[in-house]
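Peer 1: Structure here, sequence nowhere to be found:
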């Protein structure tokens, strides 16, 4: 197969032209092209006078491919060998069914791999199924009635279900393609297989996670919803089972393999593991706020006069810089045409996050603006000090906004000038439970707010309008990643043998794709464990 990079199409050209352009680059008649598939598609907006699409395509031809590539002598043309996911041979001798705790991206992909291997995994998910979970979340967003077991953080699909469904990742893993193909098979749009910035959208994610559960069940696995892990059953340093609660009753389940894909917000589960003697250390995390701009402003800044073109859709951005205190400040989980969501999972705590639908057609753009927090900033050296620090910030925000899960907010212009906001400008905040205008200096750590202020000014130099006076900051965002790492060895097991810390909650991933890849990695470790 031949891969051709950097094929350009203007916004007014159709993808049917790719075949003709490919044959021209290869200097062959198009009749010799047997097949063409898009490997990667991206928007090139570096020159605002010439915004266009750039493609990498894979073609099969009925001629000698190596000879054709040699004749071209171009670094844009090469021979590639397609690689397919290969599951390792199962060397496991145990008769016990493996248990997975958590049904977010890590748990879902671990479940698929173990089910495909015939091991009939049992998955425990503390939250509800997606349909009931959506009703609980909507009740929270409209009536401020928080269900601590069924919310934005907990339930079928994990925290990523209420997000933009962004599938970009900074990791390099042989499992990424497997993850994307499973999501596509479950109902995600085909574009995720080749887009340079793939996303699913929160509306489509609900369908995807439900179909993944059905696939696991068809393969002999079992997903037990509303089943909260209470403790590990341990003897002589080995796990022998788990205890969990379902409908108010406690059940024991015998097993010798437990994948802990608990997510970044299962604080009670982390505390249980710590008390059980599992080795846990502090890990850096980030704190900040959601910043909202008019989506039209972002479109104009990124696409110039091409803004609004039907093929471009809503523009995004990704920005970073170093702040006054030498800590990184960066935007994260940018949601074009999205909304800021109430993401609390504990009573009397405020947390914000962002989400978009597949269409990304909302009036506002929002992104997390985050500052890194290092363990040296934690209030103590206790392994769980980061969790307690997060909780303190969330509770402070709850009280500052007046309770009832309103969120503290401030205009960017006022934030930069160090004065409380008194009234909104042209940007209407989308946080569903309402905001209380104030000064975010009252709830964010001092170093965080100082660094954010410096970053906003610097980021405006990269993205015109970023420091728009009327843009709205809504706080706090504290759950972008875990503040602990559950230690594991080369066999991916913690100091309790048979327990596999996995994904975001264990401190080994950050985002849907990286968590899913870690789920596959842990499933492989279970398959190849010969005990």
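Peer 2: Received, thanks. What you see is a predicted model; the values in this text were computed from it and never measured.
Peer 1: Low-confidence ranges, the stretch 351-500 of the chain, go.
Peer 2: Within the stretch 351-500 of the chain, no range satisfies pLDDT under 70.
Peer 1: Give the next helix or strand downstream of the strand ranked longest in the chain.
Peer 2: Using DSSP state E, we find that the single longest strand of the chain is strand 33-44. Using DSSP states H and E, the next helix or strand after strand 33-44 towards the C-terminus is strand 52-61.
Peer 1: So what touches that next one?
Peer 2: The set of residues external to strand 52-61 that reach it, using C-beta atoms under 8 Å, 6 or more residues apart in numbering, is 1-11, 18, 22, 26, 28, 32-44, 68, 80, 82, 311. Just so you know, the C-beta spots here come from the backbone N, C-alpha and C atoms, and that holds for glycine as well.
Peer 1: Show the average pLDDT along that strand.
Peer 2: Here strand 52-61 scores 96 as its mean pLDDT.
Peer 1: and the helix or strand following it, which residues are buried?
Peer 2: Under the assignment DSSP H and E, the closest C-terminal helix or strand after strand 52-61 is helix 65-72. Under the neighbour-count criterion of 16 or more other C-beta atoms under 10 Å, helix 65-72 has 65, 68-69 buried.
Peer 1: now do stretch 436-447
Peer 2: So, applying 16+ other C-beta under 10 Å, buried residues of stretch 436-447: 436-441, 443-445, 447.
Peer 1: Reformat those residues into a markdown table and put distance to residue 401 and secondary structure next to each item.
Peer 2: Shown next, in a markdown table, are the buried residues of stretch 436-447 (distance: C-beta to C-beta, whole Å; DSSP: H, G, I helix; E, B strand; the rest coil):
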| residue | distance to residue 401 | secondary structure |
| --- | --- | --- |
| 436 | 4 | strand |
| 437 | 9 | strand |
| 438 | 7 | coil |
| 439 | 12 | coil |
| 440 | 11 | helix |
| 441 | 14 | helix |
| 443 | 8 | coil |
| 444 | 13 | coil |
| 445 | 17 | coil |
| 447 | 22 | helix |
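Peer 1: Tell me how far the closest residue to residue 346 other than its chain neighbours lies from residue 267.
Peer 2: Excluding its sequence neighbours, the residue lying closest to residue 346 (C-beta to C-beta, 6 or more residues apart in numbering) is residue 148, at 6.5 Å. As judged by C-beta to C-beta, to the nearest Å, residue 148 and residue 267 stand 11 Å apart.
Peer 1: Overlap in contacts, these two.
Peer 2: residue 346.
Peer 1: More neighbours: these two, which one.
Peer 2: The neighbour count for residue 148 versus residue 267, taken as other C-beta atoms under 10 Å, is higher for residue 267 (21 against 14).
Peer 1: Excluding its own residues, what touches stretch 451-464? List them.
Peer 2: With C-beta under 8 Å, 6+ apart as the criterion, stretch 451-464 contacts 288-289, 291, 298, 301-302, 317, 319, 321, 323-325, 327, 329, 331, 369, 371, 412, 415-416, 444, 466-467.
Peer 1: who's in contact with residue 161?
Peer 2: 130, 133, 155, 202, 205-206, 209.
Peer 1: of these, closest to residue 91?
Peer 2: Using C-beta to C-beta, residue 209 is the member of these that lies nearest residue 91, at 30.5 Å.
Peer 1: and the residue nearest to that closest one when sequence neighbours are not counted, how many neighbours?
Peer 2: Distances taken as C-beta to C-beta, 6+ apart put residue 157 closest to residue 209, at 3.5 Å, once the chain neighbours are dropped. Look at residue 157: counted by other C-beta under 10 Å, it has 27 neighbours.
Peer 1: ok so, going back, need the contacts of residue 161 in CSV (columns: neighbour count).
Peer 2: Below are the contacts of residue 161 laid out as CSV (neighbours: other C-beta atoms under 10 Å):
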residue, neighbour count
130, 21
133, 26
155, 29
202, 24
205, 28
206, 20
209, 27
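Peer 1: Which ones among the residues you listed lie within helices?
Peer 2: Among those, DSSP state H puts 130, 133, 202, 205-206, 209 in helices.
Peer 1: quick check: angle from the longest strand of the chain to strand 52-61?
Peer 2: 160 degrees (axes from the mean of the first three to the mean of the last three C-alpha atoms, to 10 degrees).
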